[in-house]
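K.L.:
Kindly return the folded structure for what I paste below:
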Amino acid sequence: MHCFRSSSVGAAGSQQTRRSSAGREATHSAKSKIVDRIRSRQTSTAAATVGEAAGAAAAVGAAASRPTGPLLLDSIRNSFKTHSGAPYSSKPRGSPRICILGAGVNGLATALRLQQALPSARLTIYADKFGSDLTSHGAAGVWQPYKLSETPEVLTHRWGAETFTHLMELVHSPEAVQAGVEPMYCNSLFLAEEPDPFWASTVSGFQRMRETDLALFSKHVDWPSIQAAAAVAAAAAASSYSPTDSCGPGDGSIDAATAAENATAFVDGYSFNTVVCEGRLYMRWLSNQLDAAGVTQQQRRLRCLSELAGEGWDLVINCCGLGSRDLLPDPHCYPIRGQIMRVRAPWVSQCVFAEFPDETSYIIPNREWVVLGGTGQVGNFSSSMALADAEKIAGRALQVVPSLAHAELLDHWVGLRPGRVRLRLEAEVMSPLALAAAAEAAGVEPGSSTPGSGRLEELRLVHNYGHGGSGLTLAWGTAGDAVQLALSMLQGGAPGVVCVPGERAAKA
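P.N.:
All right, here's what the predicted structure looks like:
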């Protein structure tokens, strides 16, 4: 709501007019052009009523009293649309009704790409969790394919390249800050010779590391320091991780096996330019884009897809990730438990991925902290912080970047990545019989969530889940293929497959 100071008639009014005139003359020329266009459009509309003209004049006056900028110009244009009587979020009657399940990065990206491809569609996102309750929210977000099981490289390459292009376009746009994206230099270290990755041509500046470069990351810290840091990290975790604790020197020890593991030198590696896309910021940006486009986001917990039958959806897109394990159900889904710690270390400006005998350690700078990780524990459903994991994470990080001994420990975080035998990107039609069987297996009364409906209807579906540890790396690309499948289904096309589902993977 805009507030205006009232003025009296007469000299005071003249004084007010002179001040307003002087202010307008001092305003940036770009703003004057915007105001002139608004005035010209308003005065050229012969059918405008006196009330509409007064409303437009008030809008112009309010615009002239504020500083210019991209956000302000957008507000002016949108407010003028409102004055013109065109609701911003209106959708034509008869437009397709589409439901997206899941509000992680894949669900939000799919919804946004679908809205862009089919702006007249009425989209609704259902999810039982939003924001910080999701694994995507805690992702450090460096672009690099990771933990993808048997998903074909040719598809991963295409999806990853499309996502990389999207993220780099955001980096060079006014939206970069809000979207949480920034360019980043990354170093990957290995214990044995490693071939160039299939995605090397996607990034810029890819090069093999020299022996002298590899030596900089090997054996920089003596064992007492590593032992102390690991002990302090474990002690901090046991005492509820006070933000004032340090990752630095303290008392304690780690076992001989861990010491031998961390003493390994790196013999091969490569470096490249990539992009970091922080999950918490990027998801907020996606959500804001959807809100602005009139997409509904609603909390709802589904036990079975049959609950949607009879609600009049033209299409349902399943982006439930690990939730698909129970919702469908899909036995080929499994968790990949990831544990990280966040520290304040503003002097760390590059990513490092370092291979160890049983895990890959990583150091990823974010906007407000540096992420130290991690774990990739297949089949582990625990969302609790493990002291042993925290100990290893700290010890490994200090080997490759010893200055982290002076970092301030902020917190620990655990998330369950949505693993699958292969990423599933497929369209299908579930018959009433299949829906009834699924409802019975889930213990749900068919059609129980659709009052007034006495029967189940077939459900047209697109599946997009099973991204493992590469959700932010692949989301925009897989969303594009999901949209193509969706458009084909809406036009009456037959179900299609982009990536072979898990149950067929063993035969492929």
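
K.L.:
residue ranges with poor pLDDT in the chain?
P.N.:
Regions of the chain meeting the criterion pLDDT under 70 cover residues 1-93, 219-264, 446-456, 500-508.

K.L.:
Kindly recompute the last result at 90.
P.N.:
Residue ranges of the chain with pLDDT under 90: 1-94, 146-150, 191-192, 214-267, 309-310, 355-359, 399-400, 435-458, 492-508.

K.L.:
ok, residue 160 - contacts?
P.N.:
By C-beta atoms under 8 Å, 6 or more residues apart in numbering, residue 160 lies in contact with 143, 145, 199, 202, 470, 473-474, 477. For the C-beta atoms, the positions are set from N, CA and C on the backbone; glycine is no exception.

K.L.:
if you set the cut-off to 6 Å instead, what comes out?
P.N.:
Under the criterion of C-beta atoms under 6 Å, 6 or more residues apart in numbering, the contact list for residue 160 reads 145, 199, 473-474.

K.L.:
check which helix or strand covers it.
P.N.:
helix 153-171 (DSSP states H and E).

K.L.:
Need the distance between the two termini of stretch 121-136.
P.N.:
This stretch, stretch 121-136, spans 26 Å end to end (C-alpha to C-alpha, to the nearest Å).

K.L.:
Tell me which residues of it come out buried.
P.N.:
121-127, 130, 134-136 (16 or more other C-beta atoms under 10 Å).

K.L.:
Pull the contacting residues for residue 497.
P.N.:
Residue 497 neighbours (C-beta under 6 Å, 6+ apart): residue 426.

K.L.:
got it, and residue 115?
P.N.:
Neighbouring residues of residue 115 by C-beta under 6 Å, 6+ apart: 123, 293, 295.

K.L.:
and of those, the nearest to residue 303?
P.N.:
Closest approach between those and residue 303, by C-beta to C-beta: residue 123, at 22.6 Å.

K.L.:
how about the closest one, secondary structure?
P.N.:
At residue 123 the chain is in strand, as set by DSSP: H, G, I helix; E, B strand; the rest coil.

K.L.:
Surely it is in contact with residue 99?
P.N.:
No. If you go by C-beta atoms under 6 Å, residue 123 and residue 99 don't touch, sitting 7.9 Å apart.

K.L.:
among the buried residues of stretch 121-136, which two are most distant?
P.N.:
Most distant of the buried residues of stretch 121-136, by C-beta to C-beta, are 122 and 135, 28.2 Å apart.

K.L.:
ok so, going back, just put the buried residues of stretch 121-136 in a markdown table and tack on distance to residue 193.
P.N.:
Formatted as a markdown table, the buried residues of stretch 121-136 follow (distance: C-beta to C-beta, whole Å):
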| residue | distance to residue 193 |
| --- | --- |
| 121 | 50 |
| 122 | 54 |
| 123 | 48 |
| 124 | 51 |
| 125 | 46 |
| 126 | 48 |
| 127 | 44 |
| 130 | 45 |
| 134 | 38 |
| 135 | 33 |
| 136 | 34 |
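
K.L.:
Tell me the one among the residues you listed nearest to residue 108.
P.N.:
Residue 108 has its nearest neighbour among those in residue 125, at 7.5 Å by C-beta to C-beta.

K.L.:
between the helix or strand residue 426 falls within and helix 153-171, what angle do the directions make?
P.N.:
Assigned by DSSP H and E, residue 426 belongs to strand 424-430. Interaxial angle of strand 424-430 relative to helix 153-171 (axes from the mean of the first three to the mean of the last three C-alpha atoms, to 10 degrees): 100 degrees.

K.L.:
Show me what secondary structure element comes after strand 424-430.
P.N.:
helix 432-442.

K.L.:
coming back round to it: buried set for the helix holding residue 160?
P.N.:
155-164, 166-168, 170-171.

K.L.:
Strands of the stretch 351-500 of the chain, start to end?
P.N.:
When secondary structure is read from DSSP state E, counting those that start in this stretch, the stretch 351-500 of the chain shows strands at 351-356, 359-365, 370-373, 377-378, 408-420, 424-430, 459-465, 497-499.

K.L.:
Can you tell me the strand partners of the last one and which way each runs?
P.N.:
On the basis of DSSP bridges, the sheet neighbours of strand 497-499 come out as strand 424-430 (antiparallel).

K.L.:
which parts of the partner strand are buried?
P.N.:
By neighbour count on 16+ other C-beta under 10 Å, the buried set for strand 424-430 is 424-428, 430.

K.L.:
Show me the two of the residues you listed that sit farthest apart.
P.N.:
Largest separation among the buried residues of strand 424-430 by C-beta to C-beta: 425 and 430, giving 16.9 Å.

K.L.:
How many residues are close by residue 377?
P.N.:
18 (other C-beta atoms under 10 Å).

K.L.:
What of residue 405?
P.N.:
Under the neighbour criterion other C-beta under 10 Å, residue 405 is assigned a count of 20.

K.L.:
Next, work out how far apart it and residue 216 are.
P.N.:
Here the criterion is C-beta to C-beta, to the nearest Å. By it, residue 405 lies 16 Å from residue 216.

K.L.:
ok, of the contacts of residue 160, which one's closest to residue 300?
P.N.:
residue 474 (25.9 Å).

K.L.:
In contact with that closest one: list those residues for me.
P.N.:
Counting by C-beta under 6 Å, 6+ apart, residue 474 has contacts 159-160, 163, 467.
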